[in-house]
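Student: here is a sequence together with a model predicted from it:
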Amino acid sequence: MGERKSIPSGDILVEDGAFVDHIGFLSTGVLAMTKVLADDRRHIVGMLVPNDMYGRLFDGPSPVRIEALSDAEVVSFPRARFETLLRRSPAAERLFLVSLLDELDAAREWVLVLGGPKVVQRVAAFLLIICRREIRGMTAAVRRANGPVNVRIFIKRSDLAHYLGARPESLSRAFHELEDAGVIRINDPYDFDVLDMAGLVDISGHDLVLDEDPPGRPHRR
């Protein structure tokens, strides 16, 4: 039923207020959920990363515009056929509901990101969210190895600055501040190794990642 599609950076997949005839799951890249204000200013209200879903089932138009912040690949399903599948298959319906719950969790996390009063806190919280997704995809053996977690950011620095409510130069200073604190290593402007997860949590001010106490480090609440 699904069709794999390559999406160039800058393409609009769904217009704000449009009735969408398909459901999409993101395989690679980053998509933005945006609102265009009355004066034509574009405001990023959320991001979609691999394994996230876009589109609206059963009722109503899309509440946001979906656009590609980087080259992306999606798997697209016809909406009517996908709805029929969910009606007929409890297992498929359960997987879809789990996906919706993941989206709700992600939305709550983005609220925490934007709530940081300092740019370095917002950057740290953003990296933690990306790290948590990377950690979920690791095997148990890799997680136990407790090595650095590599984070690759696939969107332009100007778009990330826009989303985090900061100037690009402030964003650059924040990344270097995290490196000076020993919590990340900057490999290039878009590639980072997280060296100290607990330290990143401390700087962000939010416990978004740790499920258990790291050795020798008290758990923060």
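Tutor: Nice, I can see it.

Student: alpha carbons only for contacts and neighbour counts from here, please
Tutor: Will do.

Student: what about E179, which helix or strand?
Tutor: helix 168-180 (DSSP states H and E).

Student: residues in contact with that helix?
Tutor: Outside helix 168-180, the residues that touch it by C-alpha atoms under 8 Å, 6 or more residues apart in numbering are 119-120, 123-124, 157-158, 161, 184-186, 200.

Student: out of those, which sit inside strands?
Tutor: With strands taken from DSSP state E, the overlap with these comprises 184-186.

Student: just the buried subset of the residues you listed, written out for ChimeraX, thanks.
Tutor: Here is the ChimeraX selection string for the buried members of the ones in strands among the contacts of helix 168-180, based on 16 or more other C-alpha atoms under 10 Å:
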select :184,185
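
Student: Provide a list of residues in contact with the nearest residue to E103 once chain neighbours are set aside.
Tutor: Leaving aside its sequence neighbours, E103 sits nearest to D52 (C-alpha to C-alpha, 6 or more residues apart in numbering; 7.2 Å). D52 makes contact with 25-26, 99, 103, according to C-alpha under 8 Å, 6+ apart.

Student: columns distance to T34 and neighbour count on top of the residues you listed, output as CSV?
Tutor: Shown next, in CSV, are the contacts of D52 (distance: C-alpha to C-alpha, whole Å; neighbours: other C-alpha atoms under 10 Å):
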residue, distance to T34, neighbour count
F25, 18, 20
L26, 16, 21
S99, 20, 15
E103, 16, 16
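
Student: now, those that are in helices?
Tutor: Residues of the contacts of D52 located in helices (DSSP state H): 99, 103.

Student: for the contacts of D52, which one is nearest R87?
Tutor: Comparing the contacts of D52 against R87 with C-alpha to C-alpha places S99 closest, at 16.3 Å.

Student: so that closest one touches M53, yeah?
Tutor: Yes: with contacts counted by C-alpha atoms under 8 Å, S99 reaches M53, the gap being 7.4 Å.

Student: pLDDT on the helix or strand hosting D105, on average?
Tutor: For D105, the host element (DSSP H and E) is helix 90-114. Averaging pLDDT along helix 90-114 gives 76.

Student: how much space separates the residue of the chain positioned farthest from its centre from V45?
Tutor: Distance to the chain centre peaks in the chain at R88, reaching 30.7 Å (criterion: C-alpha atoms, centre = their mean). From R88 over to V45 the distance is 34 Å, taken as C-alpha to C-alpha, to the nearest Å.

Student: after the helix or strand of the chain with the lowest mean pLDDT, which helix or strand is next? Please name it.
Tutor: Scoring the helices and strands of the chain by mean pLDDT, DSSP states H and E places helix 140-145 at the bottom, with a mean of 45. Using DSSP H and E, the helix or strand that follows helix 140-145 in sequence is strand 149-152.

Student: neighbouring strands of that following strand in the sheet, and parallel or not?
Tutor: strand 191-194 (antiparallel) (DSSP bridges).

Student: just the CA coordinates for stretch 156-169, please, in PDB.
Tutor: Listed next in PDB are the C-alpha coordinates belonging to stretch 156-169 (Å, rounded to 0.1, in the frame of the first residue of the first chain):
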ATOM      1  CA  LYS A 156      20.300  24.600   8.300                       C
ATOM      2  CA  ARG A 157      21.600  26.500  11.300                       C
ATOM      3  CA  SER A 158      19.300  29.400  10.500                       C
ATOM      4  CA  ASP A 159      16.200  27.200  10.700                       C
ATOM      5  CA  LEU A 160      17.400  25.700  14.000                       C
ATOM      6  CA  ALA A 161      18.000  29.200  15.300                       C
ATOM      7  CA  HIS A 162      14.500  30.200  14.200                       C
ATOM      8  CA  TYR A 163      13.000  27.300  15.900                       C
ATOM      9  CA  LEU A 164      14.900  27.700  19.200                       C
ATOM     10  CA  GLY A 165      14.200  31.400  19.300                       C
ATOM     11  CA  ALA A 166      17.800  32.500  19.000                       C
ATOM     12  CA  ARG A 167      20.200  34.200  16.600                       C
ATOM     13  CA  PRO A 168      22.600  31.900  14.600                       C
ATOM     14  CA  GLU A 169      25.600  33.500  16.400                       C
END
